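J.: here is my input; please provide its structure:
(4 chains)
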2 protein chains.
Amino acid sequence: MAAAPDSATADPPVVAHEPGVVCAIYHQAVELIGKRWTGAIVSILMRGPVRFNVLVSAVPGMSERLCADRLRELETAGLVSRRVLPGPPVGVEYALTEAGQDLNEAIEALGKWAHRWLEPVRV
Amino acid sequence: MAAAPDSATADPPVVAHEPGVVCAIYHQAVELIGKRWTGAIVSILMRGPVRFNVLVSAVPGMSERLCADRLRELETAGLVSRRVLPGPPVGVEYALTEAGQDLNEAIEALGKWAHRWLEPVRV
DNA sequence: CATTGTTACTTATTATCTGTAAGCTAAGTA
DNA sequence: TACTTAGCTTACAGATAATAAGTAACAATG
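T.: As a prediction, the model looks like this:
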């Protein structure tokens, strides 16, 4: 009674390939998306392109510096694209690439889990 | 054209409740699971209960100290249970609670994403 | 022309967290 | 008593994050 969880889906598990160690590719993903603030940034961008300051104020505790750092990391990883806006007060708009948008399923799954188990939020 | 992604699933998005800020409960979850090593630990426990040292060696870069720290955090959060084994060389076995096992869907979704987009792993 | 305001960052400093290695405890064995 | 195994715990250097201030480009204001 150790191995297979009785999920109704027919898909085989993808994070349990190697016997004794954590799946390397999954681990890579969790270290990228799981890095502080990154999950929040991606979930905000999932609604559509936004500008830097909007992003900063959308994630309460996050500083401008860390937001800039994480956006650059996400850009390097190919999840986020950056576009300079021509308007008078200049501006930079960030958006998810195809790879970034494809994270939606994972984010929604985590969101649903959170609503199931973390509802009594105490902060 | 900013709001709704054209997903075929009938479920409404759960991480886009409030208009200008990140969903608080989702954020709580991503800060918990996303904390360094936590995602890896949970994915290993998803296969079944394991003992401390097995867990440590299943996640290559993780030290005993951080493993103990994360396990205690996960226990406090109600995702992991701890059981002392009676055997001759003593031992402690960690297992996922119901809440922890329910993370399977989210972990699998992230794993699938990783396999789609991160395949050319270079570390 | 100088002042102020906006947007998007940088830089500097301080606090917190992580990595590495060693030590400690408890149970069992010789 | 000494030694072994398993599971932590402590100590300290180095990496990462938090906080606050500063910079550059432009516009509108006085």
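
J.: at which residues are the strands of chain A located?
T.: With DSSP state E as the criterion, chain A has strands at A:50-51, A:80-85, A:91-96.

J.: redo those as a markdown table? Include mean neighbour count and mean pLDDT.
T.: C-betas here are computed from N, CA, C, even on glycine. Formatted as a markdown table, those follow (neighbours: other CB atoms under 10 Å in any protein chain shown; pLDDT from 0 to 100):
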| stretch | mean neighbour count | mean pLDDT |
| --- | --- | --- |
| strand A:50-51 | 16 | 95 |
| strand A:80-85 | 14 | 93 |
| strand A:91-96 | 17 | 95 |
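
J.: so what's the most centrally placed residue in chain A up against?
T.: What sits nearest the mean C-alpha location of chain A, by CA atoms, centre = their mean, is A:Gly39, with 3.5 Å. A:Gly39 is in contact with A:33, A:107, A:110, B:26-27, B:30-31, B:34, counting by CB atoms under 8 Å, 6 or more residues apart in numbering or on different chains.

J.: from memory A:Ser43 sits against B:Val15, does it?
T.: Yes: using CB atoms under 8 Å, A:Ser43 is in contact with B:Val15, at 5.0 Å.

J.: list residues touching both of those two?
T.: With CB under 8 Å, 6+ apart as the test, A:Ser43 and B:Val15 both reach A:107, A:111, B:22-23, B:26.

J.: count of neighbours near A:Arg116?
T.: 12 (other CB atoms under 10 Å in any protein chain shown).

J.: nearest spatial neighbour of it, chain-adjacent residues omitted?
T.: B:Asp102 (6.6 Å; CB to CB, 6 or more residues apart in numbering or on different chains).

J.: looking at it, that neighbour is touching A:Lys112, isn't it?
T.: No: the pair B:Asp102 / A:Lys112 is not scored as a contact, 9.4 Å apart, by CB under 8 Å.

J.: more crowded one of those two?
T.: A:Lys112 (19 against 16).

J.: contacting residues around the more buried one?
T.: So A:Lys112 contacts B:14, B:105-106 (CB under 8 Å, 6+ apart).

J.: now do 6 Å
T.: Listed by CB atoms under 6 Å, 6 or more residues apart in numbering or on different chains, the contact partners of A:Lys112 are B:Val14.

J.: list the contacts of A:Val84.
T.: A:Val84 neighbours (CB under 6 Å, 6+ apart): A:Val92.

J.: mind running it again at 10 Å?
T.: Taking CB atoms under 10 Å, 6 or more residues apart in numbering or on different chains, we find A:Val84 in contact with A:90-93.

J.: could you dump those residues into TSV and include distance to chain B?
T.: Listed next are the contacts of A:Val84 as TSV, based on distance: CB to the nearest CB, whole Å:
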residue	distance to chain B
A:Val90	21
A:Gly91	16
A:Val92	17
A:Glu93	11
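
J.: restrict those residues to contacts with DNA strand C.
T.: A:90-93 (CB under 7 Å from any atom of the strand).

J.: where does chain A dip in pLDDT?
T.: A:1-13, A:16-18, A:120-123 (pLDDT under 70).

J.: and stretch A:41-51, does that touch DNA strand D?
T.: No: on the criterion CB under 7 Å from any atom of the strand, stretch A:41-51 is out of touch with DNA strand D, staying 12.1 Å away.

J.: can you point out the buried residues in that stretch?
T.: A:41-47, A:49-50 (16 or more other CB atoms under 10 Å in any protein chain shown).

J.: now stretch A:108-123
T.: Quick answer for stretch A:108-123 (16+ other CB under 10 Å): A:108-115, A:117-118.

J.: re the thing from before, can you flag which of the shared contacts of A:Ser43 and B:Val15 belong to helices?
T.: A:107, A:111, B:26 (DSSP state H).
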